[in-house]
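Colleague: Pasting the sequence and the predicted coordinates here, then a few questions.
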Amino acid sequence: MKAADFGCGSGSWVLPLAHILEEGSVFAVDVQQEPLSALSGKAKHKGLYNIITITADLEKKIPGINDNSLDLVVMANILFQIENKAALFSEADRVLKKGGKLLVVGWKTEVSLGPKNGKISKMDVQAIAKKTGFILEKDLEQETGIYHYGLVFAKL
């Protein structure tokens with residue numbers, strides 16, 4: 001199995017994924033090199049060698065990830081930082097295999113915790129995903145707590 005974390009930062013999702021996917025690989029993608037360097041150090045310390053770090057603008061084609069090559073893309077707490085959200089979803093569509101999963105975790109718009117600007121509602125995320133060609137497979141409302149929503153989509 002191959003996965004990617006778009007906007008991975010220092011790897012809070014990447015490290016557990018890499019551990020679970022011992023036989024697979026995880027692409028850790030972020031626009032900043034510094035958190036990727038920190039992630040590489042953490043991975044080496046934990047003996048995880050199936051992580052590929054990529055510095056890239058998430059609103060453009062990500063170099064090093066082939067079309068239709070991934071089983072899972074994670075976008076956790078990144079949407080509030082993205083100007084062109086449709087481009088980000090299109091990139092997820094490009095890299096995912098047919099039937100591949102897209103996990104989106106975002107800040108609920110009605111809570112005061114989290115970023116002050118740029119939060120996007122669960123309904124708006126669903127609309128962008130649907131327009132891109134994803135279908136909602138599961139709403140993780142019960143699992144995400146009071147500050148976040150989680151949505152699992154499948155690529156048609």
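Modeller: Arrived safely, thanks for sending.

Colleague: could you pull out the helices for the protein?
Modeller: 14-20, 33-46, 85-95, 122-132, 141-144 (DSSP state H).

Colleague: Looking at those helices, which one is packed in the most?
Modeller: Each of the helices of the chain was assessed for mean neighbour count using mean count of other C-beta atoms under 10 Å. The highest is helix 85-95, with a mean of 21. C-betas here are computed from N, CA, C, even on glycine.

Colleague: among the helices of the chain, which is nearest residue 61?
Modeller: For the helices of the chain, distance to residue 61 was read as C-beta to C-beta. The smallest value, 6.7 Å, belongs to helix 85-95.

Colleague: list the helices and strands the helix-or-strand element of the chain with minimal mean pLDDT packs on?
Modeller: Lowest mean confidence among the helices and strands of the chain (mean pLDDT, DSSP states H and E): helix 141-144, at a mean of 88. Counting contacts by 3 or more C-beta pairs under 8 Å, 6 or more residues apart in numbering; DSSP states H and E, helix 141-144 is packed against strand 148-155.

Colleague: In its sheet, which strands sit next to the strand it packs on, and in what direction?
Modeller: In the sheet, strand 148-155 lines up against strand 96-107 (antiparallel), strand 134-139 (antiparallel) (DSSP bridges).

Colleague: buried residues in the shortest one?
Modeller: Looking back up the chat, that one is strand 134-139. residue 134 (16 or more other C-beta atoms under 10 Å).

Colleague: That strand - what's its average pLDDT?
Modeller: Summarised as a single mean, pLDDT over strand 134-139 is 98.

Colleague: got it, and the longest one?
Modeller: This predicted structure assigns strand 96-107 an average pLDDT of 97.

Colleague: quick one on the thing from earlier: in TSV: the helices of the chain, plus distance to residue 72.
Modeller: As requested, these are exported to TSV (distance: least, C-beta to C-beta, whole Å):
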stretch	distance to residue 72
helix 14-20	8
helix 33-46	18
helix 85-95	10
helix 122-132	15
helix 141-144	16
